[in-house]
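> no sequence on this one, just coordinates:
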């Protein structure tokens, strides 16, 4: 199974790439510029030369991936999806990691999206032959990047159908100390994206960087 | 300090009354009908005759409480607040527990409130001399009611000011095995109310009743 990451050179994309590669999976790291993708690959290989990572342009990553993670800002997402539409093979799993958080007078909140959430926006902009899910939205990029520190939290996976969610949950289960939970259909992304904003409030209030969530009773 | 609960005869109100009374606090249980409030008091005294609980009408509870919890449905909340406006003493702490969850084709979601959340709706309908906060929104009523089972989770407290939150957090700290967290200003209620809907999705998916949250990294 080929994993790809659009925006794989950013803080979050790099962290996910490292986690999947450390779990023995093959990861394509995408960037708008080939050179930056290659820089990230070199950096990851600096930590461990054995990691199966390869740097490519976002377009090439999209065309070659079975599971494609979108680790990009909300701004420009519509344009990015328009560019991807023709390149994705039918049956590709697109996993949205976009966190549409905005700050008003220093207070984090969620961008108002007519579709309801960034994930539903992604669904609306991709053809039905492509599966859509979301994951990693409540896991801080800085926690993902600290490979030696266990994540020790849950992840909320929502997706088109129970089968799509099952497939993504199976994949995320390869990352140690992360429990992926089936959070239902794409509308659940509304709650999940709000939780990211809440985690930022908690980070600020408690002067920490990696506030994240666990579910009790499940 | 006098605690009061509007809607203290419901599943959630009763659970909170029991938890506070078990912690040695004095609790007024309110209902629209005095008789129902008295029934709940008898029921709580059945578990332990030593609990300091008293049954009254909602109006009387509002007039006599220092910290007043609103454990009512979202429907009818505007009317209730209109009735309370003249009865609350200045400086009363009103703590909103309202969970504005709705179901569309079986899928739980959050009622769209022009003010942003039920808590901000409460703020908009009460005079500025009254303090507003929210708490207990993500704690399942059934978990609150099982006095022998530790809650073992976090609670997200948002409120007008850091001082208001501090006061409510101090009060909630009296309940064992519950960690109240300062979740910032009232706008955080948007995230917190969405989390309740997500917990219901998880309950359904995992066939449990008491899914609730803990924050890691704080």
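Received the coordinates, thanks. None of these values were measured; they are calculated from a predicted model.

> residue nearest the centroid of chain A?
residue A:97 (3.2 Å; CA atoms, centre = their mean).

> go ahead and confirm that residue touches residue A:138.
No - under the criterion of CB atoms under 8 Å, residue A:97 makes no contact with residue A:138, lying 10.5 Å away. To be clear about C-beta, it is placed using only N, CA and C from the backbone, and glycine gets the same treatment.

> circling back to that earlier point, so who does the residue nearest to the centre of chain A touch?
Shown in contact with residue A:97 (CB atoms under 8 Å, 6 or more residues apart in numbering or on different chains): A:12, A:13, A:16, A:69, A:70, A:71, A:134, A:135, A:136, A:137.

> if the fifth one is in a bridge, with which residues?
On the basis of DSSP bridges, residue A:70 takes part in beta bridges with residue A:6, residue A:96.

> what about it, how many neighbours?
Other residues near residue A:70 come to 26 when the count uses other CB atoms under 10 Å in any protein chain shown.

> measure it to chain B for me?
According to CB to the nearest CB, to the nearest Å, residue A:70 and chain B sit 21 Å apart.

> what residues does that residue make contact with?
Going by CB under 8 Å, 6+ apart, residue A:70 touches A:6, A:7, A:77, A:80, A:94, A:95, A:96, A:97, A:98, A:122.

> out of those residues, who has the most neighbours?
Among those, residue A:96 has the most neighbours (other CB under 10 Å), with 31 neighbours.

> what about residue A:204, is that helix, strand or coil?
Classification of residue A:204 by DSSP: H, G, I helix; E, B strand; the rest coil places it in helix.

> what's the spacing between residue A:164 and residue A:132?
8 Å (CB to CB, to the nearest Å).

> returning to that earlier point: any idea how far the residue nearest to the centre of chain A lies from chain B?
The value you get for residue A:97 to chain B, if CB to the nearest CB is used, is 18 Å.

> just residue A:38 next, same as before
As for residue A:38, its distance to chain B is 33 Å (criterion: CB to the nearest CB).

> I'd assumed residue A:55 was in contact with that residue.
Yes - counting by CB under 8 Å, residue A:55 is a contact partner of residue A:38 at 4.2 Å.

> out of these two, which sits in the busier spot?
Counting neighbours by other CB under 10 Å for residue A:38 and for residue A:55 shows that residue A:55 has the greater number, 24 against 16.

> list of residues touching the host helix or strand of the more buried one?
Counting by DSSP states H and E, the element that carries residue A:55 is strand A:53-57. Strand A:53-57 is contacted by residues A:8, A:17, A:21, A:26-34, A:37-41, A:44-45, A:64 when judged by CB under 8 Å, 6+ apart.

> one more time with 10 Å, if that's ok
A:2-6, A:8-9, A:14, A:17-18, A:20-21, A:25-45, A:60-65 (CB atoms under 10 Å, 6 or more residues apart in numbering or on different chains).

> quick one: strands adjacent to it?
Neighbouring strands of strand A:53-57 in its sheet, by DSSP bridges, are strand A:26-31 (parallel).

> list the buried residues for the next helix or strand after the partner strand?
Counting by DSSP H and E, the next helix or strand C-terminal to strand A:26-31 is helix A:34-47. Residues of helix A:34-47 classed as buried: A:36, A:37, A:38, A:40, A:41, A:44 (neighbour count, 16 or more other CB atoms under 10 Å in any protein chain shown).

> so who does residue A:25 touch?
By CB under 10 Å, 6+ apart, the residues touching residue A:25 are A:1, A:2, A:3, A:17, A:19, A:51, A:52, A:53, A:67, A:171, A:174, A:175.

> just the buried ones among these, please.
Buried subset of these (neighbour count, 16+ other CB under 10 Å): A:3, A:17, A:19, A:51, A:53, A:67, A:171, A:175.

> leaving out the residues flanking it, which one is nearest to the third one?
It stands for residue A:19. Among residues not flanking residue A:19 along the chain, residue A:175 sits closest, at 5.0 Å (CB to CB, 6 or more residues apart in numbering or on different chains).

> shouldn't that neighbour be in contact with residue A:3?
No - Residue A:175 is not in contact with residue A:3 according to CB atoms under 10 Å; the separation is 11.7 Å.

> between those two, what contacts are shared?
Common neighbours of residue A:175 and residue A:3, using CB under 10 Å, 6+ apart, are A:16, A:20, A:25.

> what is the most widely separated pair among the buried residues of helix A:34-47?
Using CB to CB, these reach their maximum pairwise distance at A:36 and A:44, which is 13.0 Å.

> what do these two both touch?
The contact sets of residue A:36 and residue A:44 overlap at A:8, A:29, A:55 (CB under 10 Å, 6+ apart).

> check the second one and give its pLDDT.
pLDDT, the model's per-residue confidence, is 98 for residue A:29.

> ok so, going back, of residue A:164 and residue A:132, which one has the most company?
More crowded of residue A:164 and residue A:132, by other CB under 10 Å: residue A:132, with 25 against 20.

> quick check, pLDDT for the spatially closest residue to the more buried one that is not a sequence neighbour.
Nearest residue to residue A:132, sequence neighbours excluded (CB to CB, 6+ apart): residue A:123, at 4.6 Å. Predicted confidence (pLDDT) for residue A:123: 98.

> contacts for the host helix or strand of residue A:123, please.
Using DSSP H and E, residue A:123 sits within helix A:118-124. If you take CB under 10 Å, 6+ apart as the criterion, helix A:118-124 is touched by A:70, A:74, A:77-78, A:80-81, A:84, A:94-101, A:110-111, A:113-117, A:130-135, A:137, A:158-160, A:185-190, A:192-193.

> buried residues, it. List them.
A:118, A:119, A:120, A:121, A:122, A:123.

> mind listing the helices for chain A?
Taking DSSP state H, the helices of chain A run over residues A:11-22, A:34-47, A:58-64, A:77-85, A:118-124, A:141-145, A:162-172, A:189-206.

> in terms of mean pLDDT, which of those helices ranks lowest?
Minimum mean pLDDT among those: helix A:141-145, a mean of 91.

> that one and chain B, any residue contact?
Yes - shown here: helix A:141-145 in contact with chain B (CB under 10 Å from any CB of the partner chain) through A:142, A:143.

> got the buried residues for that helix?
For helix A:141-145, the neighbour count (16+ other CB under 10 Å) marks A:141, A:143, A:144 as buried.

> list the residues that contact the last one.
With contact taken as CB under 10 Å, 6+ apart, residue A:144 is in contact with A:11-19, A:71, A:136, A:151, A:175, A:178, A:210.
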